[in-house]
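>>> Please find the sequence and the predicted model below.
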Amino acid sequence: MKRTYWLGALAYLVVTFPFAFVWHLVLFKDVYDRLGIFNREEPIVALGFVAILVQGLLLSYAFGRFRQRSSSLKEGLKFGLIAGVLLWSSQVIAAAAKHEVSSLPTWLALETAYFALQFALVGVALGWIYRRTPGRHADAV
């Protein structure tokens, strides 16, 4: 189980960090600049890495601990949806409430697309990694 936990955390990091970097700082950098929500001239990439590492450690633990049976891609996607909505609400909706953004619809659409793609990929990765590890209630079924 320990190996699976660390692989799940690593998968989150490997999926999320490059995806977040490319999405926010390459593909849509000009859009985010126009939105004005990120005020820092140069982002501190190391802090983003640490945030993603912590999220990966916690989400791999949560998936391994609370799933009901041997995992599947479907169960991974379901978990990804739940985790994604939780993080989306705290990072997208809350950010829109606290920071001035030039176009709220653009911000919400862009970040919603980002979180949907990110957590679909993360959910599939976690489901695949945990697929052969019995879940919490594997013997109850």
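Nice, thanks for sending it over.

>>> quick one: contacts of the host helix or strand of residue 52?
Residue 52 belongs to helix 45-66 when elements are defined using DSSP states H and E. Residues outside helix 45-66 that contact it (C-beta atoms under 8 Å, 6 or more residues apart in numbering): 1, 4-13, 16-17, 20-21, 71, 76, 79, 83, 87, 122, 126, 130, 133, 136. For the C-beta atoms, the positions are set from N, CA and C on the backbone; glycine is no exception.

>>> try stretch 2-13
Here stretch 2-13 makes contact (C-beta under 8 Å, 6+ apart) with 52-53, 55-57, 59-61, 63-64, 122, 125-126, 129-130, 133.

>>> count of residues packed around the nearest residue in space to residue 115 that is not next to it in sequence?
Excluding the flanking residues, the one nearest residue 115 by C-beta to C-beta, 6 or more residues apart in numbering is residue 88, at 4.3 Å. Per other C-beta atoms under 10 Å, the neighbour tally for residue 88 reads 19.

>>> roughly how far apart are residue 54 and residue 2?
Residue 54 is 18 Å from residue 2, where distance means C-beta to C-beta, to the nearest Å.

>>> Next, give phi and psi for residue 80.
With angles defined as degrees, to the nearest 10, residue 80 sits at phi -60, psi -40.
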